[in-house]
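J.: pasted the sequence and its predicted model underneath.
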Amino acid sequence: MRGSSPRLRTASRDVACARRAGNPRAVLADPAAERGVENVVTRCLRVARGERVAVLSFRANDVVEAFRAAIERAGATVSRLDLEGRTSILPPSPSATGSAPASASSAALRRTLDGAAASLLVADESLPMGLSYAVRDEAQKARTRHIHLAGIDVRVLAQSARAEPDRLALVGQRVLDRLANASRLVVTSEAATSLEVHLAT
């Protein structure tokens, strides 16, 4: 792939290995990464049968394919829009009349989101910040269930993306319960570093 990052080239090899292995369900060779994809689709985005999901991508093509397959396995349909080359999807500057006409790229984004039950942005680390904000704002206007995965790759999918949201919520609540009556928090590491935080009461 011309101009691709080492992470994307690794992902391409993962896809090829999975397909050569003859597993029709697997898109990524790493089972942990596949579980991360399934977790995002079924537990975080909560895709349901019969829904339409807008998948917005920026360069992370192999990872996007894994999400597409997982969404379709959940019984939903996918509307995909490739955002690369659509940097004109930016927050418009007001004109003399108080508003700016939508660009063709902005119109394409709105059409893709219109009527979708859920939306997912899948992008590598080169996603322009302005484009990221614009997608977030349009998803809010469309009132979709939206997940923003900027800087996603196979490594992230195999690690943090595998975390179950219900379990994270439980851990978070336990931490809050422990801190409810505390005035000081001290965090130490195996490297003998420490962090002390004084909490407002």
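T.: Received the coordinates, thanks.
J.: for the residue nearest to the spatial centre of the chain, which residues count as its bridge partners?
T.: Taking Cα atoms, centre = their mean, the centroid of the chain lies closest to Leu149, which sits 2.1 Å from it. For Leu149, the beta-bridge partners are Val122 (DSSP bridges).
J.: who's in contact with whatever helix or strand Gly172 lives in?
T.: Here Gly172 sits within helix 165-179, counting by DSSP states H and E. Under the criterion Cβ atoms under 8 Å, 6 or more residues apart in numbering, residues 43-44, 185, 199 lie in contact with helix 165-179. Every C-beta, even on glycine, is put in place using the N, C-alpha and C of the backbone.
J.: restrict the helix or strand following it to CA atoms and write it as CSV.
T.: With elements assigned by DSSP H and E, the helix or strand that comes after helix 165-179 is strand 184-188. Taking C-alpha atoms only, strand 184-188 is exported to CSV below (Å, rounded to 0.1, in the frame of the first residue of the first chain):
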residue,chain,number,x,y,z
ARG,A,184,-5.7,11.8,49.8
LEU,A,185,-4.9,9.3,47.0
VAL,A,186,-1.4,7.9,46.7
VAL,A,187,-0.4,5.8,43.6
THR,A,188,2.9,3.9,43.6
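J.: from the contact counts, what lies against strand 184-188?
T.: strand 194-198 (3 or more Cβ pairs under 8 Å, 6 or more residues apart in numbering; DSSP states H and E).
J.: the strand it packs on pairs with which strands, parallel or anti?
T.: By DSSP bridges, strand 194-198 pairs with strand 184-188 (antiparallel).
J.: would you mind pulling the contact partners of the partner strand?
T.: So strand 184-188 is contacted by 179, 194-199 (Cβ under 8 Å, 6+ apart).
J.: quick one on the thing from earlier: pLDDT on the helix holding Gly172, on average?
T.: Averaged over helix 165-179, pLDDT sits at 80.
J.: and it, how far out from the chain middle?
T.: 23 Å (Cα atoms, centre = their mean, to the nearest Å).
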